[in-house]
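In: coords please:
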Amino acid sequence: MSQDSQSEISLENSGRSPKILTFFAHFISYIMHPVFMPLLMTMALYKLTPVSFAGLDDHKFGLWLLNIGITTIFFPLFSIGLLKPLGFISSFKMPTTKERIVPLIITMTFYFWVSNVFNKMPGVNVPVILKILLLGNFWGIILVFLLNIFTKVSLHTSAAGGVIGNIIVLMIKSPVNMEIPLFIVLILGGIIGTARLLVGAHQKGDVWLGFVVGIVVQLAAFAYFSVF
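Out: Model (predicted):
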């Protein structure tokens, strides 16, 4: 019996913890999928900074959420769902950098669309923090697309980094104490990054690079709106 086979048997006999951890890692990867982050973060901003959304009633905010949800979740997932039957990708997990090229371009297109819509919405005072979030998401996809040429940077941690970066922006802009929200998103980011490593989707460097990308693009979007 080979040493590898003996190691596998030993792992199975040692208990079920690895399987349980893997199950939860997959579970976290699904519920914290980057495609959900723009919508979830928009909802969080509405709760964290109600002053920024002053004058906006729940009905209109609900329409904003519907717009963001359709553009950043439904359209990308629907479009990417057509890629497998058409032969552009072998799996929805897109295990190689090559398979992620077309899905990234598709997502980039819709992220540009929603950012442009909210940045130029006529007759409506869209909160700057929301504009920063959406523009940062768009820039993040562009940067991930470029880095994808060289390495399989984690989209999950890029999205998590974007959330962290947006909270950091809130700490700079908002008079409200954001230490607890920052602590929470840091913990969530750590859980997401660990999950991606446990499922074997990325190397450590790609996970950390994702965090850097997400944080940097949000701070860059903040700097952009501070100047323009």
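In: CA only for contacts and neighbour counts going forward, please
Out: Fine.
In: in the helix or strand harbouring residue 23, what's buried?
Out: Using DSSP states H and E, residue 23 sits in helix 17-31. Buried residues in helix 17-31, defined by neighbour count with 16 or more other Cα atoms under 10 Å: 22, 25-26, 28-29.
In: next helix or strand past it?
Out: Immediately after helix 17-31, counting by DSSP H and E, sits helix 37-48.
In: which residue sits closest to residue 71 in space, ignoring its chain neighbours?
Out: residue 110 (6.0 Å; Cα to Cα, 6 or more residues apart in numbering).
In: could you check the distance from the one you found over to residue 67?
Out: Computed as Cα to Cα, to the nearest Å, the residue 110 to residue 67 distance reads 11 Å.
In: So the two - more neighbours on which side?
Out: residue 110 (19 against 16; other Cα atoms under 10 Å).
In: which secondary structure element contains that one?
Out: Using DSSP H and E, residue 110 sits in helix 101-119.
In: Helix or strand next in line after that helix, which one?
Out: Immediately after helix 101-119, counting by DSSP H and E, sits helix 128-147.
In: picking that back up, my understanding was that the residue nearest to residue 71 contacts residue 73; is that so?
Out: No: Residue 110 lies out of contact with residue 73 (Cα atoms under 8 Å); the separation is 9.3 Å.
In: And residue 89, how close does it get to residue 143?
Out: Residue 89 is 21 Å from residue 143, where distance means Cα to Cα.
In: So which residue is smack in the middle of this protein?
Out: Compute the mean C-alpha point of the chain, and by Cα atoms, centre = their mean the closest residue is residue 159, 2.2 Å away.
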